[in-house]
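1. For reference, the sequence and a predicted model appear below.
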Amino acid sequence: MTNPIDSNLCLDPSITFNRMFVIHMYSLKKDLTFPENWFYPTLPQTEYKSWGYQKYLDFGVFEKNDKSLKMYMNTSGAPQYAFPNGNQDQLFQFLLMTDWTLLYDEMHDYGDISREDSIKVYKRTKRIIMTNELPLDPTPLDKCTHFIVNKIKEKSPSAYMENLVLNLMIGWIDVGTAHLDLSRMKEVPSLSVVDYLRTTNIAIELCIMTIIHSQGYNESLLFSDPSWKELTKSIAQIVYHLNDIVSWEVEKMQSGTCNAMSIKIHNGMTPQQAYLSIIQDIDNLVKYCLELEGELGIRFPNLNCLEKCIKSAYYCATGIFCWSLTSERYKTKDSIFKELVSTNEQVARSFGDL
């Protein structure tokens, strides 16, 4: 697979980043190339969005007003891109999971929660996942967690699939405090440490298996296979690299960061070099996924759902990428990416803006 980026682009570090990108305005759609069959041709209806909005009002996550509605519609579009072949009930289940991870992330990003309180929240959440019981004084986040656990139990085709998704939720929770520590460090962390944590923190393996779970697939041999685990991990790495590109302009002024663009720049790369190196990293990961797909095809030649499960992982990656280019969450007025130039800076980007 060829990379369409102009290899003759000047990378002279004496030329400023903004000036370079005024001359060479980048297009993420052009620079990031994926196989055509990683994209689904149509998008589903969005009735699930209104179900989700009402549910969050019931939980007390936010109050009903124009600002919360605009913010919610901004963030709730991801499922229709990442799970484009899902029905409305499946999309609703997927929405709950993706927003669940956002709510916990933004508790850190927009709040002043201490490390001790963070650990308490995560222990409390793990307890709900394990016991399916609410505490006596449930918070909105507690109610969200409890509702999702019940949805998983209700829809699970087997105890194996139920436990698989619940364990992935617990695994995601387990990296939360470590990710908080990393994001609040005064020192810039190493890329290897960030890669290890971000691969889990981006929650893509959890998202992929939530999608597959909602479709009723129940293939313990496939989902415990090392090549399948490596495939979903690689998709997670693709998505976190994509996220680091599209979120860099929004996050670069923050005091702490786990953003690969910022770390590469701190380590001596120009912004252009950092961007191009991440594009190359993504390109290599896509090639690796195709190799793993071939290995799985040899190992499971008679498994009817194999292609659909693999496509679910691919759609998740390209869908989140496409959604990122349409959402106000990552747009700025002077973005150096054509697709991320915003004419509306007033839209709340996330739950934490409410």
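-> Okay, I see it. Numbering: from 1, shown residues only.

2. Where does the prediction get shaky in this protein?
-> 1-25, 108-112, 253-256, 344-354 (pLDDT under 70).

3. Centre-most residue in it?
-> When CA atoms, centre = their mean is applied to the chain, the residue found nearest the centroid is Ile202 (4.7 Å).

4. Pull the contacting residues for the residue lying closest to it once chain neighbours are set aside.
-> Nearest in space to Ile202, with sequence neighbours left out and distances taken as CB to CB, 6 or more residues apart in numbering, is Tyr240 at 4.2 Å. Where you see a C-beta, it was placed from the backbone N, CA and C, and this is true even at glycine. The contact partners of Tyr240, taken as CB atoms under 8 Å, 6 or more residues apart in numbering, are Arg198, Thr199, Asn201, Ile202, Ile204, Ala260.

5. And Glu339, by the same measure?
-> Ser27, Leu28, Lys29, Leu325.

6. likewise Ser192?
-> Contacts of Ser192 (CB under 8 Å, 6+ apart): none.

7. Where does it sit, in terms of helix or strand?
-> Here Ser192 sits within helix 191-201, counting by DSSP states H and E.

8. ok, back up a step: are we agreed that the residue nearest to Ile202 is in a helix?
-> Yes. Tyr240 sits within a helix when classified using DSSP: H, G, I helix; E, B strand; the rest coil.

9. gap between it and Ser312?
-> 18 Å (CB to CB, to the nearest Å).

10. did I read that right, Asp334 in a helix?
-> No. Read with three-state DSSP, Asp334 is coil and lies in no helix.

11. how much space between it and Val341?
-> With CB to CB as the criterion, Asp334 and Val341 are 8 Å apart.

12. again, but for Ser234
-> 31 Å.

13. Of these two, give the one with the bigger neighbour count.
-> Taking other CB atoms under 10 Å, Ser234 and Val341 do not tie; Ser234 has more neighbours (22 against 13).

14. secondary structure element for Ser227?
-> helix 226-251.

15. Return the distance of that helix from the chain's centre.
-> 7 Å (CA atoms, centre = their mean, to the nearest Å).

16. tell me the angle of it relative to helix 191-201?
-> 100 degrees (axes from the mean of the first three to the mean of the last three CA atoms, to 10 degrees).

17. just to revisit the earlier point, would you point out the most distant pair within the contacts of Tyr240?
-> Ile204 and Ala260 (15.3 Å; CB to CB).

18. These two: who's more crowded?
-> Higher neighbour count among Ile204 and Ala260: Ile204, with 26 against 22, using other CB under 10 Å.

19. wait, what's in contact with the more buried one?
-> Contacts of Ile204 by CB under 8 Å, 6+ apart are Thr232, Ile235, Ala236, Val239, Tyr240, Cys316, Ala317, Ile320.

20. what about 6 Å?
-> Ile235, Ala236, Val239 (CB atoms under 6 Å, 6 or more residues apart in numbering).

21. gap between it and Ala78?
-> 12 Å.

22. From Thr139, how far off is Ile278?
-> According to CB to CB, Ile278 stands 37 Å off from Thr139.

23. When the two are compared, which one has more neighbours?
-> Comparing Ile278 with Thr139 by other CB under 10 Å, the one with more neighbours is Ile278, at 19 against 16.

24. In which helix or strand does that one reside?
-> helix 271-299.

25. again with Met71
-> Met71 belongs to helix 66-75, assigned by DSSP H and E.

26. ok, back up a step: tell me the buried residues in the following helix or strand past the helix holding Ile278?
-> Next in sequence after helix 271-299, counting helices and strands by DSSP H and E, comes helix 306-326. Using 16 or more other CB atoms under 10 Å as the test for burial, helix 306-326 gives 306, 309-310, 312-325.
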